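>>> Here is my input; please provide its structure:
(2 chains, ligands or ions: 3)
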Amino acid sequence: MEKLRYALFTGCTAKQSTPEQMMSTLAVADKLGIELVELTEASCCGASHLQDYDEFLSLVLNARNIAYAEKHGLTMVTICNTCQLNTAMTKHKLDNNSELKAKVNEKLAEVGLEYKGTSQITHFLYAIIDDFGLDKIKEMVVTPLSQFNIAPFYGCHNIRPSELQNETHKTPESAYRPTSLDDLIIACGGQNVDYEEKNKCCGFHVELQAPKTAAILTGNAIAGAMDGDADWMVTPCPLCHLKLDTQTHHASEAIGREVQLPVLHMQQMLGLALGCTPAELGLKHHVAKVDFV
Amino acid sequence: MEHTITTQKVKFKVFRFNAEEDYLPYYDDYEMEVTSEEVVLDILNRIKWDHDGSFSYRRSCRHGICGACAIKVNGRSTLACKESMNDMVELFGNELVLEPLSKKRAIKDMVIDKADFWDKHAAVTPYVVTDVDEAPEIENLVSPHDAEALDEADLCIQCGACHYACPVVEVNDDFFGPAAFAAAYRFEADVRDESESRLMDVNQMGQGVWDCVKCFECKEVCPKEIDPIGKITKLHQKLFQEGKAESNVATRHAVGFIHSIAKRGVLDEGGLVLYSEGPAIVKHLPVAFKMFTKGKIPMPWQLPKSDNMDEIKTLVKSSTTAKF
Ligand code: SF4
Ligand code: SF4
Ligand code: FES
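Ligands and ions are numbered 1, 2, ... in the order given. This next block holds a predicted model:
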């Protein structure tokens, strides 16, 4: 197989509140022989809030990020569900509306850039599944996670809206029966836990304005995984991770039941199976302790 | 092309509950040979006609127009008369659970009490507010261009599929929900409308647009492709554009992104929370402390910054269209 190369859009959290996500992404890419060219020029995607205030600005900024991936001639790979949604949604809008694309390009021209629409955008999870292949992953597993029941938590912005899924991925994920994370868990040798909340919302985006709503959604998700007898949870989204990992106190209070589980980034889970060390994967950066390794 | 009808065996688990007689709901099992021609409503009919005449559900038009027949299939909100059985089997396999849109609102089997839905719909002033001349000389025309602004929000059939799929409606009784917001947008976008209060009604914390978690569930289930979350985003934007967005934690959160991006390209996460919360940020200190001890909060001098900041600054300056 030719070496896979991507332009890495890190998003903001990988550089701040989830440093372990950046570490584990690089460690896993290294193990798999995937080359990641970091887009150090990229700005925040607006995290699905900026567009509520200023949609045009959010389109311009996302188009600028994609323009850098295009300059490298590479598919852009994201490591956050919300970055994935905002970037893919921008691409969808610009590729389907030439007038809007022209307006955005008028702005980008001021800084000597152009959005062409030549780069694909995918989440690292789907790059692994669609491009690298689960069969190859299986062959590379050195520490099968066979003693663990692992609860996948998909997060909203990778699986909905499905029109973007259908447009972006070779094997589109179903919003109601998502399989990618389950398949990855199985490829790593673990047991996947099926539970109702696995494709539900964690509440992250209203944590400030509607803390109770957010806490109940987080609590229900962890409780669902616990009732499914999960040893830990795994997610491709650092925002879901933050909610599930750091907000368990509020979540427990909101649903009247003590809930807590270790919550790993999907890169950390894969890294463990591929034989990366806990230090390489940043496992000490979790609030809900990862004490099983 | 030859059209062949196929059949397959499907097992159904059907929610049963009669509020007048039952203390708890229960499920009845049926196994049926289902044809590729059938929709979910055909199955409801067959349960009633062939198995149990007491089985209750709502339907009227059978053409996806009246909005009566929405139920949940394996937890997914579905318009029974529009949803093909083939698609359901393809999606969920040969074991299907049929349930009302909201189990806690069940009156009899699939029939639910939709009062909360209608109350919330009524609360957003779902009609054009304007002084009309009772004896106009000419028609009050709306140009095709102006009608386009409604963005198909007027096609909503009030089925409630989105409302009872919304996770916020489920946990917050006050939240208006996606259908009511789509209705609010439909009249806000109407050039004839002069309502002063509607936009402010959906601007409230708790019940209004700021509490939507952006899960896209409503867009996913809507059988009429209304895209309620898209309308919610447009209501957010309208609130800012018309200068009606009050300064609260949600609006400052949206605006705070610009400040962060203009300064560093990437977010200053702590700075954004401070900007959004103001002095109330103290309530986040216990969690922040835990995160800090785990190396999840960088010191100010470690904050990341994008390369080519001059470009970002230029674009923020030249492309900003909103004011707060
Ligand atoms: S996007 Fe918002 S309104 Fe729609 S279902 Fe989710 S929380 Fe409810
Ligand atoms: S927006 Fe769609 S799903 Fe919601 S009530 Fe209207 S038609 Fe039904
Ligand atoms: S019966 Fe009228 S919408 Fe289904």
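
>>> How about the backbone phi and psi for B:V273?
phi -70, psi -40 (degrees, to the nearest 10).

>>> so how far is B:I107 from it?
44 Å (CB to CB, to the nearest Å). To be clear about C-beta, it is placed using only N, CA and C from the backbone, and glycine gets the same treatment.

>>> Compare the two and say which is more crowded by neighbours.
With neighbours defined as other CB atoms under 10 Å in any protein chain shown, B:V273 and B:I107 compare such that B:V273 has more, 19 against 15.

>>> B:K104 should be in a helix, yeah?
Yes - applying DSSP: H, G, I helix; E, B strand; the rest coil, one finds B:K104 inside a helix.

>>> OK, contacts around it?
Not one residue lies near B:K104 by CB atoms under 8 Å, 6 or more residues apart in numbering or on different chains.

>>> again, only this time at 10 Å
B:112-113, B:164, B:170 (CB atoms under 10 Å, 6 or more residues apart in numbering or on different chains).

>>> same thing with B:H145?
For B:H145, counting by CB under 10 Å, 6+ apart, the contacting residues are B:V191.

>>> Which element, helix or strand, includes it?
helix B:144-148 (DSSP states H and E).

>>> taking the mean pLDDT, what do you get for the helix or strand that that helix is followed by?
Sequence-wise, the next helix or strand downstream of helix B:144-148 (DSSP H and E) is helix B:167-171. Averaging pLDDT along helix B:167-171 gives 97.

>>> how about helix B:167-171, does it reach ligand 1?
Yes - using CB under 6 Å from any ligand atom, helix B:167-171 comes into contact with ligand 1 via B:167-168.

>>> what does that helix rub up against?
Contacts of helix B:167-171 (CB under 10 Å, 6+ apart): A:156, A:197, A:200-203, A:206, A:210, A:212-217, A:219-220, A:254-255, B:102, B:104, B:116-117, B:120, B:160, B:162-164, B:174-180, B:211-213, B:215, B:217-218.

>>> Nearest to ligand 2 within the stretch 151-293 of chain A, name that residue for me.
Of all residues in the stretch 151-293 of chain A, A:P161 sits closest to ligand 2, at 13.6 Å by CB to the nearest ligand atom.

>>> Would you mind measuring from the closest residue to B:G265 other than its chain neighbours to ligand 1?
Spatial nearest neighbour of B:G265, excluding adjacent residues (CB to CB, 6 or more residues apart in numbering or on different chains): B:S306 at 2.5 Å. Distance, B:S306 to ligand 1, by CB to the nearest ligand atom, to the nearest Å: 29 Å.

>>> give me the element B:S306 is part of.
Here B:S306 is assigned to no helix or strand, by DSSP H and E.

>>> got the contact list for it?
Taking CB under 10 Å, 6+ apart, one finds A:12, A:15, A:39-44, A:64-65, B:261, B:264-266, B:312 in contact with B:S306.

>>> For these, work out which two are farthest apart.
Across those, the longest distance by CB to CB is 17.8 Å; it joins A:K15 and A:R64.

>>> the more surrounded of the two?
Between A:K15 and A:R64, A:R64 has the larger neighbour count (other CB under 10 Å), namely 26 against 20.

>>> Can you verify my assumption that the more buried one contacts A:L108?
Yes - contact status for A:R64 versus A:L108: in contact at 6.1 Å, counting by CB atoms under 10 Å.

>>> quick one: contacts for A:Q267?
A:20-29, A:79, A:124-125, A:128, A:234, A:236, A:276, A:281-282.

>>> ok, back up a step: ligand 2 next: which of the contacts of helix B:167-171 are close?
B:160, B:162, B:178-179.

>>> Now list the buried members of the contacts of helix B:167-171.
Buried members of the contacts of helix B:167-171, counted by 16 or more other CB atoms under 10 Å in any protein chain shown: A:156, A:197, A:200-203, A:206, A:210, A:212-217, A:219-220, A:254-255, B:102, B:116-117, B:120, B:160, B:162-164, B:175-180, B:211-213, B:215, B:217-218.

>>> Contacting ligand 1 as well, which ones from those?
Filtering those for proximity to ligand 1 (criterion: CB under 6 Å from any ligand atom) leaves B:178, B:212-213, B:215, B:217-218.

>>> Out of these, list just those in helices.
B:178, B:217-218 (DSSP state H).

>>> ok, residue 272 - how many residues close by?
Using chain A here. 27.

>>> wrong one, I was asking about chain B
22.

>>> give me every residue that touches it.
Counting by CB under 10 Å, 6+ apart, B:L272 touches A:12, A:44, A:47, A:49, A:208, B:252-253, B:256-257, B:259-261.

>>> try 8 Å this time
B:253, B:256-257, B:260.

>>> Filter those down to just the ones in strands.
Among the contacts of B:L272, DSSP state E puts none in strands.

>>> Neighbour-wise, which one of those residues leads?
If you rank these by neighbour count (other CB under 10 Å), B:F257 sits at the top with 27 neighbours.

>>> re the thing from before, which one of the ones next to ligand 2 among the contacts of helix B:167-171 sits closest to A:K138?
Nearest to A:K138 among those, with distances taken as CB to CB, is B:C162, at 39.7 Å.

>>> that older thread, out of the ones next to ligand 2 among the contacts of helix B:167-171, which two sit at the greatest distance?
Farthest pair in those (CB to CB) is B:G160 and B:P178. Separation: 9.9 Å.

>>> Strands along chain B, start to end?
Shown for chain B, the strands assigned by DSSP E span residues B:7-16, B:26-35, B:70-73, B:76-79, B:95-99, B:106-108, B:111-112.

>>> is it true that B:F181 touches B:T233?
No - with contact defined as CB atoms under 8 Å, B:F181 does not reach B:T233; the gap is 10.0 Å.

>>> And the two? Which one has more around it.
B:F181 (29 against 20).

>>> Now for the closest residue to B:G208 other than its chain neighbours, how many residues are close by?
Counting by CB to CB, 6+ apart, B:G208 lies nearest to B:V202, which is 4.7 Å off, once chain neighbours are set aside. When neighbours are defined as other CB under 10 Å, B:V202 has 25 of them.

>>> quick one, what contacts residue 151?
No chain was given, so I picked chain A. A:192-193, A:195, A:198, A:224-225, A:228, A:230, A:232-234, A:261.

>>> nope, chain B
Counted by CB under 8 Å, 6+ apart, B:D151 has contacts B:185, B:189, B:227, B:230-231, B:234.

>>> Distance-wise, check A:A151 relative to B:A135.
From A:A151 to B:A135 the distance is 66 Å (CB to CB).

>>> how far out from the middle of the chain is the worst-scoring helix or strand of chain B on mean pLDDT?
Ranked by mean pLDDT, DSSP states H and E, the weakest helix or strand in chain B is helix B:269-277, scoring a mean of 87. Distance of helix B:269-277 from the chain centroid (CA atoms, centre = their mean, to the nearest Å) equals 27 Å.

>>> ok, back up a step: can you pick the most crowded of the contacts of B:K104?
B:Y164 (26 neighbours).

>>> doesn't B:S102 make contact with that one?
Yes - using CB under 8 Å, B:Y164 is in contact with B:S102, at 4.6 Å.

>>> Get me the contact residues on chain B for ligand 1.
B:166-168, B:178, B:212-218, B:228-229, B:232.
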